[in-house]
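# below are the sequence and a predicted model for it; my questions follow.
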Amino acid sequence: MATREGVLVPVYILMIIFGVSAWVDLNGLWVELPIMVQELPEGWNLPSYIVVITQLANIGPVVYGLLCSNRLSEKLVIFFIIGIGVLTCLLMVFFWSSTSIIAGAQRSTAMLSLNFIVALVDCTSTVVFFPFMAAFKSVYMVAYFSGEGLGSLLAGLLGLAQGAGSIVCRNVTEYVNATVNTTESLEAVSTITATYEDINFSFEVYFAIITGISVLSGVAFTILVFHPQCKQEQVTQTHKKKDENLQKPHDSQPTIHEDRLVEHKNVKMSNIERKHVQEPTGKDVNDDTSGCMVTAVSEEVVKNNTCDVKTLTRLQYIISLLLTAWVNCLKNSALLAVQSYSCLPYGVTQYHLAVTLANLASPLACFFDLFVHVTSVPVMSFLTLLGSLFGAYIMAAAVMSPVPVLVGTLAGSILIVTMWVVCIFILTYVKVSLASLFRVEGKKGLLHCGVATQVGSAIGGVGMFVFVNVLNLFHIIDPC
């Protein structure tokens, strides 16, 4: 465990705002489902369409990882991703309800097409944004993930302010024709029906706000790229200069170990310590007894940073990738697919509490990582197991729907909400810690981390689609 230091607050805030753009638009679509299902012809089948389209969009990171990652500038790709996201959200404002007839049935062609584009840029952002973060000190990975969580929270809070998903049970009376002894008459039939409250502002206003948030994220990214103070927090350029100074007169290329050591020193060295760095004297670089490279820096810097380089072994690297895939499989797909099944049996209020507080848990976990940071793979494996156990309880409650354990009791309601909050907190915390480990491995490590994130999410999404829509293992309860 360790605490993080050396953060420039303005850069940290800009990084958070930049991170918001990663998933805020797609999260916004999920929040608006209660409104869309009332207006669009797919009805309550719409969520399954969105799940499939989102997983198909994983073709984006696959193509980028295989063909484009070494050929295109990451900064240009990020500008393109944010720009397309903004344009798509803007088009959603005007055309989301447009339909057309396909195979003899009305289809939401505009919304589903725009959904695919949004999912395509969001999924691709994972394998592009992560390597871009390699240019900054590792502490800013926490800020980026805080922004991702904040995007989810903002979408949820906007939905609450809008009133999206607020269900009211009303006694609805219908008059039907009844025939008694050949005499027709109207008979009143009363039923309790779940209806959605009138919203405070429209879908169009909601996505106009999401568009504005995405524009703000683009402005933050532009400042991160071009502002001199932000450039000072980047380690890439300083790394290259130090790397040249570290070379022996007869060496033409630095070793991988030297490369990682210099970057590590650049990340940890404070502004005061940097002033103590001496110009290279032309002397050979000496090795200490542990094999760590020692440069001509002040004694304090040597003491604090010389041997504090922890890189992953091959086994740890593979385990970390598997943990990343599993954590994102649970957090991004599997558990979200059964959230309504696990919570609605306990009540509508409990469902909304679980959704809102779980969204709040993500940025809190990122903020917590700023002060208590895990670097041990065994510890992260234990935390993943712990989070998986909480997830297993949630999954069991979903499978037992509409009659899970302790249903109808206060203890059951408290327990399911607590399980959701704690589970998402732990999984998010592990996700951030794992990404920080791959940050030490450099740009390639972060690219692999992004690929593992999307692969895990895709496996979870496709698997849960089969379980929910094909095998029908889960049964929803009438909210009323």
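Perfect, thanks for sending it.

# would you mind finding the longest helix in this protein?
Secondary structure of the chain per DSSP state H: the longest helix is helix 410-440.

# can you tell me the centre-most residue of this protein?
With distances taken as Cα atoms, centre = their mean, residue 148 lies nearest the centre of the chain, 5.2 Å away.

# so, low pLDDT: which residues of the stretch 151-300 of the chain?
Scanning the stretch 151-300 of the chain for pLDDT under 70 picks out 164-169, 174-186, 188-190, 192-198, 236-300.

# quick one on the thing from earlier: doesn't residue 362 make contact with the residue nearest to the centre of the chain?
Yes: if you go by Cβ atoms under 8 Å, residue 148 and residue 362 touch, sitting 7.3 Å apart. C-betas here are computed from N, CA, C, even on glycine.

# tell me, how many neighbours does the residue lying closest to residue 223 once chain neighbours are set aside end up with?
In this structure, residue 223 finds its nearest non-sequential neighbour in residue 14, 5.7 Å apart by Cβ to Cβ, 6 or more residues apart in numbering. Using other Cβ atoms under 10 Å, residue 14 is surrounded by 25 other residues.

# quickly find the element holding residue 14.
helix 9-20 (DSSP states H and E).

# about what we covered before: ok, the residue nearest to residue 223 touching residue 233?
No: counting by Cβ under 8 Å, residue 14 stays clear of residue 233, with 9.8 Å between them.

# just to revisit the earlier point, anything in contact with each of residue 148 and residue 362?
Common contacts of residue 148 and residue 362 (Cβ atoms under 8 Å, 6 or more residues apart in numbering): none found.

# now the strands for this structure?
100-102, 105-107, 167-180, 183-196, 286-287, 293-294 (DSSP state E).

# give the contact list for the residue nearest to residue 223.
Per Cβ under 8 Å, 6+ apart, neighbours of residue 14: 220, 223-224, 230.

# would TSV of these with neighbour count and distance to residue 328 be doable?
Below are the contacts of residue 14 laid out as TSV (neighbours: other Cβ atoms under 10 Å; distance: Cβ to Cβ, whole Å):
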residue	neighbour count	distance to residue 328
220	22	24
223	16	29
224	24	25
230	19	28
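
# nearest to residue 210 among those?
For the contacts of residue 14, the residue nearest residue 210 by Cβ to Cβ is residue 220; the value is 15.6 Å.

# I'd like the distance between the closest one and residue 86.
13 Å (Cβ to Cβ, to the nearest Å).

# likewise for residue 68?
In terms of Cβ to Cβ, residue 68 sits 21 Å off from residue 86.

# ok, those two, which is more surrounded?
The neighbour comparison of residue 68 against residue 86 (other Cβ under 10 Å) goes to residue 86, with 21 against 13.

# so the more buried one sits right up against residue 218, yeah?
Yes: using Cβ under 8 Å, residue 86 is in contact with residue 218, at 6.6 Å.

# buried sites along stretch 396-413?
Buried residues in stretch 396-413, counted by 16 or more other Cβ atoms under 10 Å: 397-398, 400-401, 404, 407, 412-413.

# then stretch 9-21?
For stretch 9-21, by 16+ other Cβ under 10 Å, it's 11-12, 14-21.

# quick one, grab the pLDDT at the residue lying closest to residue 460 once chain neighbours are set aside.
In space, and not counting its chain neighbours, residue 460 is closest to residue 333: 3.0 Å by Cβ to Cβ, 6+ apart. For residue 333, the model assigns a pLDDT of 81.

# quick check: residue 333 vs residue 458, distance?
Relative to residue 458, and taking Cβ to Cβ, residue 333 is found at 8 Å.

# then residue 72?
On the measure of Cβ to Cβ, residue 72 and residue 458 end up 23 Å apart.

# so for the two, which sits in the more crowded spot?
Each of residue 72 and residue 458 has its neighbours counted (other Cβ under 10 Å); residue 458 has more, 24 against 13.
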